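> have a look at this prediction, sequence included:
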Amino acid sequence: MCGIVGTVSQSPVNQLIYDALLLLQHRGQDAAGIVTQQERKFFMHKARGMVRDVFRTRNMRSLPGNCGLGQVRYPTAGNAFSEEEAQPFYVNAPFGIVLVHNGNLTNAQALRAELFNADHRHINTESDSEVLLNVLAHEIDVTTRGLPLTPPDVFEAVRQVHRRIRGSYAVIALIAGHGVLAFRDPYGIRPLCLGRNEDTWMIASESVALEGTSHRFERNVEPGEAVFIDLAGQIHALQCADAPLLSPCIFEFVYLARPDSVLDGISVYQARLNLGASLAKRVISTVPPNEIDVVIPIPESSRPSAAQLAQLLGLPYREGFVKNRYVGRTFIMPGQSVRKKSVRQKLNVIASEFKGRNVLLVDDSIVRGTTSREIVQMARDAGARRVYMASAAPPVRFPNVYGIDMPTSQELVAHNRTVDEIREIIGCDALIYQDIEGMKKAIGSLNPAIKGFDASCFDGVYVTGDITLEDIERLNAGRVGCDDNLDDNSRLTLPNFQD
């Protein structure tokens with residue numbers, strides 16, 4: 001999961017890209033980068049850290065030009081601690097191309113070998129984004145064969161890229177002297193949308209980046225579609241996939257996206273309200289409402305769901321945790337020990353809301369269980385009589401291979417465990433989960449045109465249809481930062497999803 005933005009304007013874009021990245025900061029806190037173009041020359045600055053730390057006044061002054069790209073990085077592949085793998089990535093031929101990418105290629109290893117042996121291209125990092133850039137550059141080179149670049153050439157190159165790469169990808173690329181290209185994988189797993197104002201086109205991961213920079217949302221980039229905006233501001237678009245099928249990642253609505261964004265026609269905020277309404281029915285069947293004194297959200301993504309649940313059950317809704325906004329989101333912190341340590345740095349209790357009460361804690365999801373276990377203990381330490389926990393999402397039982405950091409069975413508290421076994425690990429008195437069909441109905445009802453979602457971390461069904469146990473084990477090989485202390489009591493198992 002990363003946040004990406006690209007823009008073509010009639011005025012300098014460095015500040016505009018910076019502002020958009022601030023609005024996408026929730027999508028990645030490991031590194032940030034911006035590249036701009038002036039007179040066919042690229043100007044780039046990227047480094048590890050938050051946007052406000054990476055870009056100083058001197059850096060911004062060194063980014064001239066009226067078009068450019070930006071990215072905030074949250075690594076799920078490659079070396080999480082390498083500054084070299086911060087994006088954008090650059091290749092000098094053909095034309096000169098820079099690229100930012102949100103997603104994860106599931107066949108990156110095979111592509112790396114193809115690029116070296118057949119395409120004679122060198123990959124210098126472990127990042128799948130650099131692989132994607134070189135595949136795109138090779139296909140543009142083959143399509144143009146030394147001739148001037150035209151929009152049909154661009155679209156033919158993207159068509160061939162779709163046929164070669166697998167996985168999830170929302171991509172924005174800047175081609176020197178020509179314009180900005182954006183495209184999305186044939187399943188639309190990762191979001192990408194298009195907006196404009198009087199003299200600027202912008203493409204971004206979420207609509208909040210458009211609206212927060214005074215751009216009017218125009219539409220989503222469709223699955224498999226390529227959009228090319230030339231330097232004169234003319235837009236060209238074409239469907240480049242053989243069989244596109246919109247299946248967005250449902251975890252975007254559960255947790256990843258900002259609540260004020262609209263993704264593929266679905267309000268993230270309304271989706272979370274609907275999840276709360278659906279969860280309320282599950283709570284009633286497990287814990288009688290008269291045994292609950294207060295509903296308390298775990299900041300921040302769970303607030304809409306918790307508020308809706310409390311209203312429907314006729315229970316008081318209270319803020320029981322105060323969040324330190326200067327500590328990053330623990331879900332996307334590399335390393336389990338870092339996540340565990342940061343929980344109490346990130347949250348502090350308001351003891352008066354817990355003392356002597358039966359509290360229902362509502363979270364957006366439970367992934368590794370470390371945060372939940374710490375929070376339950378904090379509630380008990382504050383004097384709660386009984387602590388119930390409800391998750392607005394179903395149990396996360398399977399690895400995600402499309403760019404979310406939940407890749408190994410050892411990290412998932414729900415993998416091969418019953419709800420009661422999970423409850424014992426977390427330490428709460430009752431544990432209530434959303435059910436999978438309830439989640440899909442709650443979110444899918446907001447846009448009937450979407451016929452399905454990628455919900456692979458919940459149901460083990462991988463929409464690209466090409467994922468095996470061996471693929472997952474290969475993708476997890478060499479990953480850094482997993483030192484979970486949960487017992488891995490069985491080998492990863494997946495349902496029969498390839499029929």
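All right, it came through fine. This structure is a prediction, so every number in the text was calculated from the model and none was measured. Residues are numbered from 1 along each chain as shown.

> from now on I want contacts and neighbour counts done on CA atoms only, so please keep to that.
Noted.

> what's stretch 130-137 in contact with?
Stretch 130-137 has contacts (CA atoms under 8 Å, 6 or more residues apart in numbering) with 89-91, 93-94, 97-99, 108, 111-112, 115, 121, 123-124, 157-158, 161, 165.

> buried subset of the residues you listed as a PyMOL selection?
Of those, the buried ones go into a single PyMOL selection, burial set by 16 or more other CA atoms under 10 Å:
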select buried, resi 89+90+94+97+98+99+108+111+112+115+121+123+157+158+161+165
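
> just the ones in helices from the contacts of stretch 130-137, please.
108, 111-112, 115, 157-158, 161 (DSSP state H).

> got a markdown table for these, with distance to Gly49 too?
Listed next are these as a markdown table, based on distance: CA to CA, whole Å:
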| residue | distance to Gly49 |
| --- | --- |
| Ala108 | 26 |
| Leu111 | 29 |
| Arg112 | 28 |
| Leu115 | 31 |
| Ala157 | 34 |
| Val158 | 32 |
| Val161 | 31 |
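
> so which residues make contact with the one helix or strand Gln15 maps to?
Assessed by DSSP states H and E, Gln15 sits inside helix 14-23. Helix 14-23 has contacts (CA under 8 Å, 6+ apart) with 3-7, 34, 36, 51-52, 60, 63-65, 68-72, 208-210, 212-213.

> between the ones in helices among the contacts of stretch 130-137, which sits nearest Ser11?
Nearest to Ser11 out of the ones in helices among the contacts of stretch 130-137 is Val158 (CA to CA; 28.4 Å).

> ok, longest helix in the chain?
helix 268-286.

> for the nearest residue to Gly233 once chain neighbours are set aside, give its distance to Ala182.
Nearest residue to Gly233, sequence neighbours excluded (CA to CA, 6 or more residues apart in numbering): Val8, at 6.6 Å. Using CA to CA, to the nearest Å, we find Val8 at a distance of 12 Å from Ala182.

> and what of Gln37?
16 Å.

> same deal with Gly212?
20 Å.

> more crowded one of these two?
Just comparing Gly212 and Ala182: by other CA atoms under 10 Å the higher neighbour count belongs to Ala182, 27 against 13.

> tell me what the more buried one is bridged to.
Ile172, Val227 (DSSP bridges).

> Leu246 touches Asp185, doesn't it?
No: Leu246 is beyond contact range of Asp185, at 9.4 Å (criterion: CA atoms under 8 Å).

> overlap of the contact sets of the two?
Counting by CA under 8 Å, 6+ apart, the residues touching both Leu246 and Asp185 are Pro223.

> who has more neighbours, these two?
When neighbours are counted by other CA under 10 Å, Leu246 and Asp185 differ, and Asp185 comes out ahead with 28 against 21.

> let me see the contact set for the more buried one.
Listed by CA under 8 Å, 6+ apart, the contact partners of Asp185 are 162, 167-170, 223-225.

> try 6 Å this time
168-169, 223-224 (CA atoms under 6 Å, 6 or more residues apart in numbering).

> do you know how far it is from Ala243?
From Asp185 to Ala243 the distance is 11 Å (CA to CA).

> ok, now Val51?
The span separating Val51 from Ala243 equals 37 Å under the rule CA to CA.

> of these two, give the one with the bigger neighbour count.
The neighbour comparison of Val51 against Ala243 (other CA under 10 Å) goes to Val51, with 26 against 10.
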